[in-house]
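S.K.: When you get a sec, could you give me coordinates for this:
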Amino acid sequence: MSRKRTPSRSALPAPAGTSSRFTLPAPAGATPRGNRTRRRLLAGVIAGTVCAGLSAVPASAAPEPVVSRGVTIPAFYTPPTELPSANGTLIRTEALPLGLSIPGLDGRSMPGTATRLMYKSTDSAGQPVAVTGAYIEPSAAWKGTGARPLVAVASGTMGQGDQCAPSFALQNPLTLNGETVSVGYEALAIYRLLSTGAAVVVTDYVGLGTTDRLHTYVNRLDQAHALLDAARAAHAVPGASITTASRTGLYGYSQGGGASAAAAELQPTYAPDVPLAGTYAGAPPADLTSVMKGIDGSALAGALAWSINGFAQADPDVRAVVDANISAVGKAALADASTMCVGDAIFGYGFTKSSKWTTSGKSIADIIAADPRAKAALDKQRIGRLKPTGPVRLATGVQDDIVPHSQARQLAVDWCDKGGNVTYDAIVLPNLGDKILTNHLVPLITDQGDAISWLSDRLAGKPATSNCWSMPLQP
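M.R.: A predicted model of the protein is given here:
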């Protein structure tokens with residue numbers, strides 16, 4: 001029997017009169033995989049009616065291992081009861097074997113030596129939270145000027161199950177066990193960054209990997225805080241060669257692009273001690289109302305469930321709207337998706353329309369637009385209301401229909417209007433297929449070399465020249 005997630009100390013309580021323990025029905029039309037229909041599903045976030053198999057563990061009892069879709073989550077990922085006070089403080093570390101590495105001629109592993117991290121951050125409610133991640137000390141020498149720099153990487157969408165955590169994927173590049181499918185696709189960008197001689201720290205985000213709460217998918221505050229605190233924590237890793245003189249850059253695409261963009265905005269107030277030399281934000285989901293419409297009915301429709309789960313956990317207004325408008329079938333789908341990785345979501349809910357999850361038959365985007373509480377909650381997530389710190393390179397595929405191009409371009413316009421040092425790059429490619437992810441994923445690969453080259457120049461101290469003047473001419 002696997003222990004399910006337990007609410008964090010900052011998690012919102014279930015409404016009075018609701019039960020905290022019952023079994024959810026399987027989603028309508030779901031196909032059993034292994035013991036899927038017998039597995040108790042987690043979702044302890046949406047109005048009691050989405051809590052599944054929730055049970056209290058006595059403080060004195062040793063916790064049972066957490067198992068997510070057949071994957072046992074290492075005990076390292078279970079946070080302690082008490083957390084340190086300072087953001088970015090290391091809680092624990094351990095050696096992290098990289099799943100893709102080779103012995104170097106000097107005896108060191110290539111592309112580097114990895115350390116698993118747990119560190120303290122602050123969530124969107126202002127409460128302390130433990131976050132996991134990884135630091136990689138590169139084998140390559142830094143050839144630029146100054147001390148070895150640090151790049152804080154915010155991963156693209158991995159999922160909401162703990163087995164999908166980016167640090168877990170560095171050790172297990174492919175998880176395929178008949179119950180879950182997770183691919184560590186960010187390794188390509190991470191290894192290319194390491195090859196430049198820059199050190200890399202990767203955040204798992206709030207609740208992804210750590211077993212005390214759900215991952216708060218695309219929550220701009222949680223993501224920005226986790227990324228900036230990862231940069232702080234990296235400096236305390238035993239054996240790390242970065243110093244106080246090391247320049248820091250941020251790198252992210254898709255969900256990661258939103259995280260790095262939000263972090264560049266929040267750095268002056270949240271982490272003034274982490275000066276930024278440059279930020280790459282690829283395909284950032286800056287306007288979640290627009291993004292929800294983009295992913296609804298797409299191959300990655302399951303990501304809509306992740307965002308709803310996360311915001312319902314963090315915001316009581318969203319929870320109330322979900323409880324009032326999501327059907328039993330929808331609530332079962334949200335609970336099911338809460339333990340999924342990207343591969344699972346594509347196979348389980350690809351091309352599903354959210355209207356199948358609501359009591360009214362309206363899309364979730366339409367329901368949110370009609371409810372002032374939910375609309376206000378999503379509006380608070382808008383990126384672009386603050387001037388970003390330092391130079392930023394924002395890239396977006398003009399055909400992107402998952403994280404729509406128009407809202408990413410608008411972010412560049414908003415930043416330019418605030419006097420930001422913005423390098424905007426519209427990636428022009430032919431339409432590679434509507435709603436099947438290709439228009440979103442191909443720019444990730446085609447732009448990666450230019451993105452890393454641009455960021456490496458910033459880490460070497462080379463100035464960046466804004467091209468905001470060209471926005472009226474850019475697609």
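
S.K.: pLDDT averaged over stretch 430-445 - what is it?
M.R.: Averaging pLDDT along stretch 430-445 gives 96.

S.K.: Give me the distance between that stretch and the centre of its chain.
M.R.: Put simply, stretch 430-445 sits 20 Å off its chain's centre (Cα atoms, centre = their mean, to the nearest Å).

S.K.: Between the two ends of it, what distance do you get?
M.R.: Taking Cα to Cα, to the nearest Å, stretch 430-445 runs 15 Å from one end to the other.

S.K.: got a list of contacts for that stretch?
M.R.: The contact list for stretch 430-445, computed with Cβ atoms under 8 Å, 6 or more residues apart in numbering, reads 156, 253-254, 282-283, 297-300, 351, 395-397, 399-403, 427, 429. Where C-beta positions appear, they are placed from N, C-alpha and C, glycine not excepted.

S.K.: And it, what's buried?
M.R.: Neighbour-count burial for stretch 430-445, counted by 16 or more other Cβ atoms under 10 Å, picks out 435-444.

S.K.: ok, so of those residues, who is nearest residue 387?
M.R.: Comparing these against residue 387 with Cβ to Cβ places residue 443 closest, at 25.4 Å.

S.K.: Strands of the stretch 101-250 of the chain, residue ranges please.
M.R.: 102-103, 109-110, 112-122, 128-138, 150-154, 174-176, 181-183, 199-203, 248-253 (DSSP state E, counting those that start in this stretch).

S.K.: Could you list the paired strands of the second one along with their orientation?
M.R.: Each strand paired with strand 109-110, and its direction, by DSSP bridges: strand 102-103 (antiparallel).

S.K.: Show me the helices in the stretch 101-250 of the chain, by range?
M.R.: 166-171, 187-195, 220-234 (DSSP state H, counting those that start in this stretch).

S.K.: Against which helices or strands is the second one packed?
M.R.: In this structure, helix 187-195 packs against strand 128-138, strand 150-154, helix 166-171, strand 199-203, strand 248-253, helix 448-459, with contacts taken as 3 or more Cβ pairs under 8 Å, 6 or more residues apart in numbering; DSSP states H and E.

S.K.: quick one, which of the helices of the stretch 101-250 of the chain is nearest to residue 323?
M.R.: Each of these has some distance to residue 323 by Cβ to Cβ; the shortest is helix 220-234, at 21.9 Å.

S.K.: buried stuff in stretch 313-326?
M.R.: 313-315, 317-323, 325-326.

S.K.: go on, stretch 101-120?
M.R.: For stretch 101-120, by 16+ other Cβ under 10 Å, it's 101, 109-120.

S.K.: can you tell me which two in the residues you listed are farthest apart?
M.R.: 110 and 120 (31.5 Å).

S.K.: And for residue 382, the neighbour number?
M.R.: Residue 382 has 16 neighbouring residues, counting by other Cβ atoms under 10 Å.

S.K.: for it, what are its contacts?
M.R.: 286-288.

S.K.: Top of the residues you listed by number of neighbours, please.
M.R.: Top of the contacts of residue 382 by neighbour count (other Cβ under 10 Å): residue 286, with 30 neighbours.

S.K.: re earlier: using a markdown table, lay out the helices of the stretch 101-250 of the chain together with mean pLDDT.
M.R.: Listed next are the helices of the stretch 101-250 of the chain as a markdown table, based on pLDDT from 0 to 100:
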| stretch | mean pLDDT |
| --- | --- |
| helix 166-171 | 97 |
| helix 187-195 | 96 |
| helix 220-234 | 98 |
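
S.K.: Residue 419 is in contact with residue 387, isn't it?
M.R.: Yes: counting by Cβ atoms under 8 Å, residue 419 touches residue 387, with 6.1 Å between them.

S.K.: These two - which one has more neighbours?
M.R.: Using other Cβ under 10 Å as the criterion, residue 419 and residue 387 rank with residue 387 on top: 18 against 11.

S.K.: per-residue confidence at that one?
M.R.: For residue 387, the model assigns a pLDDT of 98.

S.K.: related to what we said a few turns ago, nearest to residue 76 among the helices of the stretch 101-250 of the chain would be which one?
M.R.: Of all the helices of the stretch 101-250 of the chain, helix 166-171 sits nearest to residue 76, with 9.4 Å by Cβ to Cβ.

S.K.: Give me the buried positions along stretch 185-196.
M.R.: Those would be 185-187, 189-194, 196, for stretch 185-196 by 16+ other Cβ under 10 Å.

S.K.: pLDDT on the helix or strand residue 306 falls within, on average?
M.R.: Using DSSP states H and E, residue 306 sits in helix 302-314. Per-residue pLDDT over helix 302-314 has a mean of 96.

S.K.: to the chain's geometric centre, what's the distance from it?
M.R.: 12 Å.

S.K.: Name the next helix or strand following it along the chain.
M.R.: Downstream of helix 302-314, the next assigned helix or strand under DSSP H and E is helix 316-325.

S.K.: so of the strands of the stretch 101-250 of the chain, which one's packed in deepest?
M.R.: Greatest average neighbour count among those goes to strand 248-253 (a mean of 30), per mean count of other Cβ atoms under 10 Å.

S.K.: From the contact counts, what lies against that one?
M.R.: The helices and strands touching strand 248-253, judged by 3+ Cβ pairs under 8 Å, 6+ apart, are strand 150-154, helix 187-195, helix 220-234, helix 255-270, strand 276-282, helix 448-459.

S.K.: Any buried residues in the helix or strand residue 93 falls within, and which?
M.R.: In this structure, residue 93 sits in strand 90-96 according to DSSP H and E. Residues of strand 90-96 classed as buried: 90-91, 93, 96 (neighbour count, 16+ other Cβ under 10 Å).

S.K.: Any chance of JSON lines for those, columns pLDDT?
M.R.: As requested, the buried residues of strand 90-96 are exported to JSON lines (pLDDT from 0 to 100):
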{"residue": "90", "pLDDT": "98"}
{"residue": "91", "pLDDT": "98"}
{"residue": "93", "pLDDT": "98"}
{"residue": "96", "pLDDT": "97"}
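
S.K.: So, low pLDDT: which residues of this structure?
M.R.: Applying pLDDT under 70 to the chain picks out residues 1-63, 104-107.

S.K.: same thing but 80
M.R.: For the chain, applying pLDDT under 80 flags the ranges 1-64, 102-110.

S.K.: would you list every one of the strands in the stretch 351-475 of the chain?
M.R.: Under DSSP E, counting those that start in this stretch, the stretch 351-475 of the chain gives strands at 392-397, 422-427.

S.K.: tell me the most buried of those?
M.R.: Mean neighbours per residue, mean count of other Cβ under 10 Å, is largest over the strands of the stretch 351-475 of the chain for strand 392-397, with a mean of 27.

S.K.: That strand packs against which elements?
M.R.: helix 255-270, strand 276-282, helix 405-417, strand 422-427, helix 438-446, helix 448-459.

S.K.: how does it look with 7 Å?
M.R.: Applying 3 or more Cβ pairs under 7 Å, 6 or more residues apart in numbering; DSSP states H and E, one finds that strand 392-397 makes contact with strand 276-282, helix 405-417, strand 422-427, helix 438-446, helix 448-459.

S.K.: Quick one: the ones you listed as CSV, columns for distance to residue 259 too.
M.R.: Output for those, formatted as CSV (distance: least, Cβ to Cβ, whole Å):
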stretch, distance to residue 259
strand 276-282, 9
helix 405-417, 13
strand 422-427, 18
helix 438-446, 15
helix 448-459, 15
